[in-house]
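Undergrad: Build me a model:
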Amino acid sequence: MKTATFLTFVGDQCGKAEEAINFYTSVFPNSEINSIKKYSEGESGGTPELIKYGVFTLNGTKYMVAESNYNHNWSFTPAVSLFISDNSEDVIQTLFEKLVSNGGQVMVPLDDYKGEGDYGFGKKFGWCQDKFGMSWQFILTE
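TA: Alright, predicted model coming up:
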C-alpha cells in the first residue's frame, strides 16, 4: 500500500495549480514536475488550461495535484498542512520566507519560543500559508 498527498485546486484557487507547482519546485531542492495532464476540450470537470491530473516531487516526496471548476463547498484549510523539518536553521528560515513572499501570510512566526520551552518536537517552530492557500509548518530539529 502507498499513500500520497493530493492537492485539489478549486474555487478561488482553480487555475493556479500549475503556477503553484512551478513555485514549489523552484523553492524546494531536489524537486521536479513529473507529469501534467490537462483536460480535453469539452471534458467534464475542467477546461483545457486546467490540470486534470499532475504529479510533482518536492525534495524526493511525490505529490499529486488536480483542478476542478465545479462549485465545491471546500478548499484548502490550515487544518491540513505540509510539515517540513530540518536541522538547519538557515534552510528552515529560507523556505519559510520564500513561501510567505508574494502574498502569503505568517500564521505562527518562526520563533525559538523566547525561553518558554518548546512544543515538544523541536527547537524552533513556525506556520505559514502561501499565496495559493496551502499551509506549511516548519520545525527546526536537533
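
Undergrad: Relative to Gly122, how far out is Gly133?
TA: 25 Å (CB to CB, to the nearest Å). Using the backbone N, CA and C atoms, a C-beta is placed for each residue, glycine as well.

Undergrad: what does Lys16 give?
TA: In this view, Lys16 and Gly122 are 31 Å apart by CB to CB.

Undergrad: can you check Asn73 too?
TA: Here the criterion is CB to CB. By it, Asn73 lies 35 Å from Gly122.

Undergrad: And for Asp130?
TA: 21 Å.

Undergrad: For Val80, give me its contacts.
TA: The contact partners of Val80, by CB atoms under 8 Å, 6 or more residues apart in numbering, come to Ser135.

Undergrad: Kindly report the same for Ser88.
TA: By CB under 8 Å, 6+ apart, the contact set of Ser88 is Leu140.

Undergrad: State the pLDDT value of it.
TA: Looking at Ser88, its pLDDT is 94.

Undergrad: lowest average confidence, helix or strand, in the chain?
TA: strand 105-111 (a mean of 90; mean pLDDT, DSSP states H and E).

Undergrad: Show me how far that one is from its chain's centre.
TA: How far strand 105-111 lies from its chain's middle: 15 Å, per CA atoms, centre = their mean, to the nearest Å.
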